[in-house]
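Visitor: fold the following for me, if possible:
(2 chains)
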Amino acid sequence: MKFDSPATTNPIDRLKVIGQPLDRIDGPLKTTGTAPYAYERHDIVADPAYGHVIGATIAKGRITGMDLSAAERAPGVLAIVTAQNAGTLTKGNYNTAHLLGGPDIQHYHQAVALVVAESFEQARAAAHLVRIDYKAEPGSFDLHAAKGAATAPEPNDLTGPIDTHVGDFPRALAQAPVRLDETYTTPDHSHAMMEPHATLARWEDDELTVWTSNQMVAWSTGELATTLGIPPEKVRLISPYIGGGFGAKLFLRADVVLAALGARAAGRPVKVALQRPLIANNTTHRPATIQRIRLGAERDGTITAIGHESWSGDLDGGGPETAVGQTRLLYGGANRMTSMRLAVLDLPEGNAMRAPGEAPGLMALEIAMDEMAEKLGMDPVEFRIRNDTQVDPEHPERPFSARPFAQCLRLGAERFGWDRRNARPGQTRDGRWLVGLGMAAGFRNNLLMKSGARVRLDSRGIVTVETDMTDIGTGSYTILAQTAAEMMGVSMEQVRVVLGDSSFPVSAGSGGQWGAASSTAGVYAACVKLREEVARKLSFNSADAEFVDGEVRVGNRTARLQEAAADGDLVAEDSMEYGDITEKMQQSTFAGHFVEVAVDSATGETRIRRMLAICAAGRILNPKSARSQVIGAMTMGAGAALMEELVVDTRRGFFVNHDLAGYEVPVHADIPHQDVIFLDETDPMSTPMKAKGVGELGICGVGAAVANAVYNATGVRVRDYPVTLDKHLDRLPDVA
Amino acid sequence: MRPFTYERATSPAGAASAAARTQGARFIAGGTNLLDLMKLQIETPPHLIDVNGLGLDTIEATEEGGLRIGALVSNTDLAADARVRQDYGLLARALLAGASGQLRNKATTAGNLLQRTRCPYFYDTAQPCNKRQPGSGCAAIGGFTRQLGVIGTSEACLATHPSDMAVALRALDATVETVRPDGTARALPIADFHRLPGDTPHIETALEPGELITAVVLPKPLGGRHIYRKVRDRASYAFALVSVGAIIQSDGSGRVALGGVAHKPWRVEAAEGEMPRGAGAVAGALLAGARPTRENAFKITLVERTLAAVLNEARG
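Guide: The predicted model follows:
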């Protein structure tokens, strides 16, 4: 089915099931510990061998010698995989560095060997017996030092244009009566998901099955086949439950390749989980940025010049962090420029992490907007609304499909008690605490991906949905069941959902906040086809048939749904794809984030007191799981604001704090109170579901809202994230 | 984890003599730190002596009016003890500022004193670390030092001792009771228990090979206000950037010990004489001779400001 004109009324609009705050259908499995994750597939392979990954201990250079003899003799060892004995491996298209390194080393903790043994402990012990000699070479590890040599990267679908110019930015900036020119930095971030990358691999003759933890089943199936040099139809990838991904599991990673190679070498199934201390340097991360923002405005607050430049680094062949993307669309202004530059760094490869581009981009832009509002003597909410736009500012012929941005901000201000904010910073005390309020805009584009599904009706009236869609903790199982239940007129109990298997129709997968809207649209398409099959089977006119309460009705005629499957299951498969509707109109999601913080007047410690997000993301398919997405994202945004930083050792070229003790993410005590309000909205330009993504919108802008609240509390502006106490301690107001 | 042998000790002296028999043997109680270190092969003991069966898990009054805390009393039980909460509030508060409820359930009094540093370079066996591998060098010097020590550091090591409990014990002038492999007992003042790194940062305490902690003794209650302020980037479950443990009397005199600044809980008795002149004077005397790095110089300011807040709270 092709979506190329606005959605009209359809069965989803009944909202009997869709739009209801239903519990997750996979919740009991997860809360009882019975959802089978990749490393726990004892049901499939009772007695696997275990692999332990060895990571390179230099950042750049070569392996000059490897002595495996002691490890090979160690108890229980079955095989040791290295680049020397693994055969030819082709780098996948989505990978920047090789997943099995050697002799060349491209980054610290790049996998260089897998030791396979009868037990995990034996594999780990033997891994320590492998002796590897390296010849280290100097590398480039410091973004600030490499910034001057950064160049314009090649544009692609992910980056969009590298530079944009509208009007005469330099002149407009020079002539603006109020100007801002500041530089902001965001550090490297780790996804730090609970479940590490993990895979169980089994070969049966030349056919490979991997049970793994991956957000994008079809991408990674293809990449695994490419890497191993085998036909894609010989690879089956199964990923039904995923303990968090946030982008870290969008791509094929070393666990999958090494488990497959280990299983081949050992002649039996092998499972591999990346050890926690490897994850920061072995896998991907959100790259650090340096961002310069220049704003010019009239005294009434109208922006006349808006410029955003971003520098980031990656391994040779990698891509930029697209931190300027939102600045092309969020605010009006006749004269504009954006630019991205990429430095070659010999750190581990950067890639997508929850809201790539917008998350760090808004951390900078939305502090700049706060600073500019102060220069103008305007309220930060009013300043943003003054510069609202209903069209793409770079291409005014493209309207937004829906843009209730101002409503998000106004409702947020009202609900949060924004009028109680003292515009003069550093003025509000609560005992030993300096109290501040801050806000920021949230913005994330709505991306749509082709997505397919197969639906089956059986003689008991059970509707089974099969798609390679994944549930990374988001609630995919539940909203896909809701979609099928709504379309087929059955209760949730009548629907089964099976996900994450490459033998199922290819879906959108989970990433870029496209999963919910795209994958439900795919199920919608398949259900439209199944409805036609049912009507045909029952000799009903399908155009008039109503599917409700387990029945099919046309006029006075009524049949029970399962009668259509009385002499055999009915199966329908289809996918939803998109015409140029997204090019004619800009589809985005919007939020207003409001935060209250307290800063200890003595120690400078910042503690969040309350957070509010107002979100506009089209129809909310399940307010309960959507809220969970947003509060989780707000928590991640709070971490980015206050503590998260992969620290680069610029001499040795690696992320030093590479475990969960050193890389701090928020704990419960950091997040006392969160509220989320969704605007009651539908966007018929998105899909027949009239829904958009929400899982990344929740993080977009949060960091800046926290930073702005800290500024309001202290009067000290910190432009380098995370906003830790050492950055404002010596400038805090005197509290006597 | 390297293969190791294991035995259960049946008496403290037996445990100590068993430990002396095998070079590199380690006692294990809660295991909250040691097992992690063994998995990473930072610790590779060939032999473990399980001391969990030794009793040593009671808190008893001493004749001098203090408390004798068995080496195996859990951090949870110690923090919850009514006598500790009433008379040694500093200790209870320091304990509860550390780790998580689950870890405190397993962690013991002696184990807490003996936990190793959390310097990230100590934890990465690919990096040189004089503490982990004597003579290999110190990757932290010139590297990421924000969390590390500012005073008492050496050319060999910048590590800090991570314990909150030890800071309280230092302020309380606790005594560490031990038994040696020959069966003799001794008592070490807490001030002499932890060492500065010098050029032997791998030697962290005054314990002799095989010597087993049996108890920690608190002197009779000091009265005063007991305050423990732990400063950290997140609100819980993080090691201190700086912590201040203080016992302040109504006449303004008092004791102060610091965490997060040195290879041992940091107390300078002479600095406490500066109390009448205020936090700046006390902090100045406490940290005289400090050699912070560019990254952790903020700890000097942070100590002074935190101490000022603590003294303010004590007066309030």
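Visitor: now the residue sitting nearest the centre point of chain A. Nearest residue, chain neighbours left out?
Guide: Central residue of chain A (Cα atoms, centre = their mean): A:Arg354, 2.9 Å from the mean position. Nearest residue to A:Arg354 in three dimensions, chain neighbours excluded: A:Phe246, at 4.6 Å (Cβ to Cβ, 6 or more residues apart in numbering or on different chains). C-betas here are computed from N, CA, C, even on glycine.
Visitor: I'd assumed A:Ser190 was in contact with that neighbour.
Guide: No: A:Phe246 is beyond contact range of A:Ser190, at 9.3 Å (criterion: Cβ atoms under 8 Å).
Visitor: ok, now how distant is B:His202 from B:Ile42?
Guide: As judged by Cβ to Cβ, to the nearest Å, B:His202 and B:Ile42 stand 11 Å apart.
Visitor: more neighbours: which of those two?
Guide: Neighbour count, other Cβ atoms under 10 Å in any protein chain shown: between B:His202 and B:Ile42, B:Ile42 has more, with 18 against 14.
Visitor: just the pLDDT for the closest residue to that one other than its chain neighbours.
Guide: For B:Ile42, ignoring the flanking residues on the chain, the nearest one in space by Cβ to Cβ, 6+ apart is B:Arg132 at 5.7 Å. pLDDT recorded at B:Arg132 is 97.
Visitor: could you look up the SS state of B:Arg132?
Guide: coil (DSSP: H, G, I helix; E, B strand; the rest coil).
Visitor: nearest to chain B: which residue in the stretch 351-500 of chain A?
Guide: As assessed by Cβ to the nearest Cβ, chain B sits closest to A:Arg432 within the stretch 351-500 of chain A, at 6.8 Å.
Visitor: which residues are in contact with both of B:His202 and B:Ile42?
Guide: Listed as contacting both B:His202 and B:Ile42 by Cβ atoms under 8 Å, 6 or more residues apart in numbering or on different chains are B:Arg132.
Visitor: do you know how far A:Ala297 is from A:Asn335?
Guide: Here A:Ala297 is placed at a distance of 11 Å from A:Asn335 (Cβ to Cβ).
Visitor: ditto for A:Ile677
Guide: The spacing between A:Ile677 and A:Asn335, counted by Cβ to Cβ, is 35 Å.
Visitor: more neighbours, the two?
Guide: In this view A:Ile677 and A:Asn335 are compared by other Cβ under 10 Å, and A:Asn335 has more residues nearby, 21 against 18.
Visitor: okay, and the beta partners of that one?
Guide: A:Ala305 (DSSP bridges).
Visitor: repeat for the one 5 residues further on
Guide: With DSSP bridges as the criterion, the beta-bridge partners of A:Met340 are A:Ser310.
Visitor: contacting residues for it?
Guide: Shown in contact with A:Met340 (Cβ under 8 Å, 6+ apart): A:152-153, A:159, A:162-163, A:309-312, A:320, A:322-324.
Visitor: A:Ser312 versus that one, what's the distance?
Guide: 8 Å.
Visitor: mind listing the shared neighbours of these two?
Guide: Jointly contacting A:Met340 and A:Ser312 under the rule Cβ under 8 Å, 6+ apart are A:320, A:323.
Visitor: excluding chain neighbours, what is closest to A:Pro6?
Guide: Leaving aside its sequence neighbours, A:Pro6 sits nearest to A:Pro684 (Cβ to Cβ, 6+ apart; 4.4 Å).
Visitor: quick one: that neighbour from A:Ala691, how far?
Guide: From A:Pro684 to A:Ala691 the distance is 10 Å (Cβ to Cβ).
Visitor: which one's more surrounded, the two?
Guide: More crowded of A:Pro684 and A:Ala691, by other Cβ under 10 Å: A:Ala691, with 29 against 18.
Visitor: identify the bridge partners of the more buried one.
Guide: Assessed by DSSP bridges, A:Ala691 has beta-bridge partners A:Gly618, A:Arg619.
Visitor: might you report the residue contacts of it?
Guide: Contacts of A:Ala691 by Cβ under 8 Å, 6+ apart are A:516-517, A:520, A:617-621, A:682-683.
Visitor: mark which of the residues you listed are buried, thanks.
Guide: A:516-517, A:520, A:617-621, A:682-683 (16 or more other Cβ atoms under 10 Å in any protein chain shown).
Visitor: now, which of these sits nearest A:Gln407?
Guide: Using Cβ to Cβ, the shortest approach to A:Gln407 within the buried ones among the contacts of A:Ala691 belongs to A:Ala617, at 12.8 Å.
Visitor: quick one: the worst-scoring helix or strand of chain A on mean pLDDT to chain centroid distance?
Guide: Across the helices and strands of chain A, mean pLDDT, DSSP states H and E gives its lowest value to helix A:581-584, namely a mean of 84. Centroid separation for helix A:581-584 versus its chain: 23 Å, with Cα atoms, centre = their mean, to the nearest Å.
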